[in-house]
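**Student:** Mind folding the following:
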Amino acid sequence: MKSFVSRIVGKMDIDSGSTRVGLVIYSSGVETSFNLDTYSNVTLIQSAVRSLTYYPGTTNTAAALAFVRESMLTPEAGDRSNVSNVVIVLIDGNSDNRTATRVSGTLMLLQKIFDNNSETVLTSSSSSSQNIYNTPIANEL
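**Tutor:** Numbers count the residues shown, from 1 in each chain. Modelled structure (predicted):
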């Protein structure tokens, strides 16, 4: 998972200041790993991603999205009102709440990570079903 996130970050235009990245980790609870204005270059973000710790628990996607909307997408956390927001959600199974919170006015990309026996239903929280991507096996990340 960390290498997948690192590869995504490596493709973004961060060093020029055009793109900002913030990261939250969630399971039963939600925690800010870093805000949108914490790092201004790819190398620092990738280093922070490598140092992340896995938190076991349930998949409380609704709480994570509410947290992003209320705490991350704010001027205090580095959000810029004149720039569109994109939220990428990585999920390892079924959300605790299938009617997960929508992040208003934000393009959401949903990466579903599942094994052959489970299916994630979070289409309702994405801007569009065309923004949902499947990764069959979490180990491939």
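**Student:** so residue 63 touches residue 30, yeah?
**Tutor:** Yes. Using CB atoms under 8 Å, residue 63 is in contact with residue 30, at 5.4 Å. For the C-beta atoms, the positions are set from N, CA and C on the backbone; glycine is no exception.
**Student:** Name the nearest residue to residue 37, ignoring sequence neighbours.
**Tutor:** Nearest residue to residue 37 in three dimensions, chain neighbours excluded: residue 78, at 2.8 Å (CB to CB, 6 or more residues apart in numbering).
**Student:** Got the confidence number for the one you found?
**Tutor:** pLDDT recorded at residue 78 is 94.
**Student:** my read: it touches residue 32, true?
**Tutor:** No. Residue 78 is not in contact with residue 32 according to CB under 8 Å; the separation is 11.1 Å.
**Student:** Of those two, which one has the most company?
**Tutor:** A count of neighbours by other CB atoms under 10 Å puts residue 78 above the other of residue 78 and residue 32, at 18 against 15.
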